[in-house]
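# Whatever this is, show me its structure:
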Amino acid sequence: MKTKMNFALVALVVFSSVFSYNFMPLNEGYSIGDYATDFKLKNIDGQMVSLSDYKNAKGFLIIFTCNSCPYAVAYEDRIIAIDKRYSRLGVPVIAINPNNPELQPKDSYDLMKVRAKEKGFTFPYLLDEKQEIYPQYGATRTPHVFLLEKTDNGNRVKYIGTIDDNYADETGVEEKFVENAVDAMLNGQPIQVETTRAIGCSIKA
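Residues are numbered from 1 along each chain as shown. The predicted model follows:
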């Protein structure tokens, strides 16, 4: 009996892992179709950055990330590649560090500057100093992605979730959720997977 119960438990865990990307309920914050309000946050170069600064943008990839989380670190090269691909098409990456550096010293503003230089970030790396923006979006993890489409009525949320289906091994990725979403948006097509579960470290608040 105990063996059967253990087998059933393992099967349940495997089943949950396989389907968790597409069936994770969203927390409080923006939902698909909502319009995201603009923000003004300090970049690593000392300049204040807003979405309204990007006059010719077609949309934005808002990615809540940080220095300290191993999941975020594992995705850094992929985030750089995504920005290089899509910024020229009008959908730049805007990275935001939501963590409280008093709770996680590795995510201080000074160390953000160091990390961005080490990795050669091609995108703004902003500090949510008052921790007001990430709860507005409903971000809970690092990294956590929000794809916005720029419209006449504002920046509409089109996708929320993770970057792809394999944070640990880029060569093993089968579903590129963010890239698929951006490609569909730019081509005026429906996004097949609009929400996935963000895989990463909890935000330190």
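# For the rest of this, base every contact and every neighbour count on C-alpha atoms.
Will do.
# Could I get the contacting residues of the residue sitting nearest the centre point of the chain?
For the chain, the residue nearest the mean C-alpha position is Val145 (2.2 Å; CA atoms, centre = their mean). Contact analysis of Val145 by CA atoms under 8 Å, 6 or more residues apart in numbering lists 61-64, 159-163, 178, 198.
# distance of it from Val178?
Going from Val145 to Val178 by CA to CA, to the nearest Å gives 8 Å.
# Mutual contacts of those two, please.
Residues touching both Val145 and Val178 by CA under 8 Å, 6+ apart: 159, 162-163.
# could you pull out the strands for the protein?
All strands of the chain, identified by DSSP state E, fall at 35-36, 41-43, 48-49, 59-64, 93-97, 125-127, 141-142, 144-151, 154-161, 201-202.
# Pairing partners for the third one, with directions?
It refers to strand 48-49. Sheet partners assigned to strand 48-49 using DSSP bridges are listed as strand 41-43 (antiparallel).
# Please compute how far the strand it pairs with lies from its chain's middle.
Remark: strand 41-43 is offset 17 Å from the chain centroid, using CA atoms, centre = their mean, to the nearest Å.
# Give the burial count for Glu170, as a bare number.
By other CA atoms under 10 Å, 14 other residues sit near Glu170.
# show me where this structure has helices.
2-19, 70-87, 109-119, 133-137, 177-186 (DSSP state H).
# Looking at the ones you listed, which is nearest to Lys40?
helix 133-137 (9.5 Å; CA to CA).
# Buried residues, that closest one. List them.
For helix 133-137, the neighbour count (16 or more other CA atoms under 10 Å) marks 133-134, 137 as buried.
# Let me have those in CSV, extended by pLDDT and distance to Gly46.
CSV is the format used below for these (pLDDT from 0 to 100; distance: CA to CA, whole Å):
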residue, pLDDT, distance to Gly46
Ile133, 98, 18
Tyr134, 98, 20
Tyr137, 98, 23
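# As TSV, those residues with distance to Glu194 would be great.
Formatted as TSV, the buried residues of helix 133-137 follow (distance: CA to CA, whole Å):
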residue	distance to Glu194
Ile133	21
Tyr134	19
Tyr137	15
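# With respect to Leu103, which of the strands of the chain lies nearest?
Leu103 sits nearest to strand 201-202 of all the strands of the chain, at 12.1 Å, using CA to CA.
# model confidence over that closest one, on average?
Here strand 201-202 scores 97 as its mean pLDDT.
# For Cys66, see how far away Ser50 is.
19 Å.
# same check, this time on Glu194
Glu194 is 24 Å from Cys66, by CA to CA.
# out of the shared contacts of Val145 and Val178, who's nearest Lys117?
Ile163 (22.5 Å).
# tell me the contacts of that closest one?
Counting by CA under 8 Å, 6+ apart, Ile163 makes contact with 144-145, 176-179.
# distance of the nearest residue to Arg156 once chain neighbours are set aside from Glu194?
Leaving out its chain neighbours, the residue that sits closest to Arg156 by CA to CA, 6 or more residues apart in numbering is Tyr35, at 4.4 Å. Remark: distance between Tyr35 and Glu194 (CA to CA) = 15 Å.
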